[in-house]
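J.: Test case, fold it:
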Amino acid sequence: MWGNGQVNSVMRAVPVELAADVRALLEQRAASTKAAVRDAMRARVVLAASDGMSNAEIAHDLSVTINTVRKWRGRYAELGPAGLLDAARSGRPRQYGDLVRIAVVAAATAEVPDGAATWTHVAIAEQVRGTVFAPVSASWAGRVLADLDLKPHKVTGWLTRRDTPDFWERARDICELYRNPPAGAVVLSIDEKTAIAARSRKHPAQPATPAAPGQPGRPARQEFEYVRHGTASLVAAMDVTSGEVLTEVIDRNTAATFTAFLDQLDATIEPGKNIHVVLDNGSSHTARHTKKWLANHPRWHVHWTPPHASWLNQIELVFSALTRRVLRHGDFTSRDDLIAKMDDYMIKRNETARPFKWTYAASPLQEA
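T.: Numbers count the residues shown, from 1 in each chain. Alright, predicted model coming up:
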C-alpha cells in the first residue's frame, strides 16, 4: 500500500540457518585479524542474519549499505558457504585452448632435450611451438605453470629409502630407547664428524649495520675468498639422558680409532652398568675389528640405525648446532684454532646441557 510517498510494506529478509560447525568457522573468520576485511565482513553479515537481525539493523551495525547485506545474505541462503566467495569474473577471453595448456604441462614434466638439466620458460615455449604449432610466449607458458604451481626450473634432492624389512623395527627400537631409557643404564649416541675445514677469509668480515635515514639495514657480510689451513675430524659421544657431550679430535676415521674411543668411554663409565649405544652403519662402526670389540664387551648393547637413517642418531643434532654456531661462518687461522674454537663451544654447551625432547615414535603412518 502506498502512502505519503513511502513504501509501508516491508520486504521480508531471507532466513539464514547455520549448522554448528559452519557457525564456528564463520565466527573464527569474523574475529580473525589475518582474514581479508571483505571476508570478515561477509561472515559477520551471515552470523547476524542467522541471529534474526533485519537487513537494516545489520547494515547499521556493520556500517555497510543495505544492498550489501541483501547480497551476501541472499548468496549464503542460496549457495551456502561457497556463496561467500567472489564470483568468477569473465575477464579476458582465453587466448589458447586446453590442448595448448596440456602441451605446456607435458613439456614441463618431460625430460629436457639437448643435454640441458632443467627447463626454462623460453625452452618450454619453443617446445610447445614445435609440437602443437601454437605461437605461445615464454611469459604465457610461465603463467600456465604458475596457475598449476608447477616449477620445472627447480630441483630438490631426496634419498630413496632402502627396502629393508627391519626399517621400522630398528627405528622404533631407537625411539623407544630415547623415550624410555632403561633404568640404571647409560644411553649414548656416538658418531664422527670428519674433514672439517679450517679456513680464514682473505679480508675481514663487516658487521651488521642498523637502518639509517634513507638507508636500509644491512646483514653482516663475509668475504667469499678464503685460505685453507687443513682439516680436522672428531668423534663425539652424547649422554642421551643428560645432553652432555664428550669429543675427541682424531687423525683417521678407522675402526682402530673408533674402538680406542670406546675404550676410553668404557673405562670412565661405572663398572657393572649396562651401556646402550646408538650407531649408524658407517664403515668404522661395522668393521670386523669393531664387531669383535663389541663382542668382547657384553655390557655394550648396540642399537643400529636403519640404512640412510642416521638422522635418528641424536649426536647429529649436536653436529648440526656446531655447524650453525661455529663452523659455517667461522674464521679459523689454523687447524689448532679450529680445534680450540670447537672445544670452547662444546665446553660452554656442556655447562647448560639438557637432553633433547624426543617426540618422534617411528610410526609407519609417517611414511610418504
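
J.: Other residues contacting the helix or strand hosting Lys71?
T.: Lys71 belongs to helix 66-79 when assigned by DSSP states H and E. Residues from elsewhere that reach helix 66-79 (Cβ atoms under 8 Å, 6 or more residues apart in numbering): 13-16, 42, 45-46, 49, 55-56, 58-59, 62, 83-84. Backbone N, C-alpha and C define where each C-beta goes, glycine included.

J.: What of stretch 115-127?
T.: If you take Cβ under 8 Å, 6+ apart as the criterion, stretch 115-127 is touched by 103-104, 107-108, 112-113, 136-142, 145, 152-155.

J.: all helices of this protein, in order?
T.: Assigned by DSSP state H, the chain shows helices spanning 20-31, 37-50, 55-62, 66-79, 98-108, 121-131, 138-147, 167-179, 255-268, 283-286, 288-295, 315-322, 335-351.

J.: Output those in CSV; the columns should cover mean neighbour count and mean pLDDT.
T.: As requested, the helices of the chain are exported to CSV (neighbours: other Cβ atoms under 10 Å; pLDDT from 0 to 100):
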stretch, mean neighbour count, mean pLDDT
helix 20-31, 14, 91
helix 37-50, 20, 92
helix 55-62, 17, 92
helix 66-79, 17, 91
helix 98-108, 18, 92
helix 121-131, 18, 92
helix 138-147, 16, 93
helix 167-179, 17, 93
helix 255-268, 16, 97
helix 283-286, 17, 96
helix 288-295, 14, 97
helix 315-322, 18, 96
helix 335-351, 15, 97
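
J.: can you put those in CSV and add distance to Lys357?
T.: Supplementary listing: these in CSV, determined by distance: least, Cβ to Cβ, whole Å:
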stretch, distance to Lys357
helix 20-31, 30
helix 37-50, 38
helix 55-62, 46
helix 66-79, 45
helix 98-108, 42
helix 121-131, 46
helix 138-147, 40
helix 167-179, 10
helix 255-268, 24
helix 283-286, 26
helix 288-295, 29
helix 315-322, 11
helix 335-351, 17
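
J.: of all those, which lies closest to Ala361?
T.: With Cβ to Cβ as the criterion, Ala361 lies closest to helix 167-179 of those, at 5.3 Å.

J.: Packing partners of that closest one?
T.: Helices and strands touching helix 167-179, by 3 or more Cβ pairs under 8 Å, 6 or more residues apart in numbering; DSSP states H and E, are strand 275-279, strand 300-304.

J.: highest average neighbour count across those strands?
T.: Neighbour counts (mean count of other Cβ atoms under 10 Å) averaged over each of those peak at strand 275-279, with a mean of 21.

J.: Alpha carbons only: can I get that strand in CSV?
T.: Taking Å, rounded to 0.1, in the frame of the first residue of the first chain, the C-alpha atoms of strand 275-279 are listed here in CSV:
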residue,chain,number,x,y,z
ILE,A,275,75.7,-49.2,28.1
HIS,A,276,73.2,-48.8,25.3
VAL,A,277,74.7,-47.0,22.2
VAL,A,278,73.1,-45.8,19.0
LEU,A,279,75.3,-46.1,16.0
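
J.: tell me the angle of it relative to helix 315-322?
T.: Orientation check (axes from the mean of the first three to the mean of the last three Cα atoms, to 10 degrees): strand 275-279 against helix 315-322 gives 60 degrees.

J.: Strand 275-279 pairs with which strands?
T.: Using DSSP bridges, the strands paired with strand 275-279 are strand 186-201 (parallel), strand 300-304 (parallel).

J.: so of the ones you listed, which one's packed in deepest?
T.: Of those, the one with the most neighbours on average (mean count of other Cβ under 10 Å) is strand 186-201, at a mean of 20.

J.: Restrict that strand to CA atoms and write it as PDB.
T.: Extracted in PDB, the C-alpha atoms of strand 186-201 (Å, rounded to 0.1, in the frame of the first residue of the first chain):
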ATOM      1  CA  VAL A 186      73.900 -45.400  30.300                       C
ATOM      2  CA  VAL A 187      72.500 -44.400  26.900                       C
ATOM      3  CA  LEU A 188      75.000 -42.900  24.400                       C
ATOM      4  CA  SER A 189      74.700 -41.500  20.900                       C
ATOM      5  CA  ILE A 190      78.000 -41.700  19.000                       C
ATOM      6  CA  ASP A 191      79.300 -40.700  15.600                       C
ATOM      7  CA  GLU A 192      82.200 -38.900  13.800                       C
ATOM      8  CA  LYS A 193      82.300 -35.600  12.000                       C
ATOM      9  CA  THR A 194      85.100 -35.700   9.500                       C
ATOM     10  CA  ALA A 195      87.000 -33.300   7.200                       C
ATOM     11  CA  ILE A 196      86.000 -30.100   8.900                       C
ATOM     12  CA  ALA A 197      87.800 -27.400   7.000                       C
ATOM     13  CA  ALA A 198      89.900 -24.700   8.800                       C
ATOM     14  CA  ARG A 199      89.500 -21.700   6.600                       C
ATOM     15  CA  SER A 200      90.400 -18.000   7.100                       C
ATOM     16  CA  ARG A 201      88.900 -15.200   5.000                       C
END
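
J.: How far does it sit from its chain's centre?
T.: Put simply, strand 186-201 sits 24 Å off its chain's centre (Cα atoms, centre = their mean, to the nearest Å).
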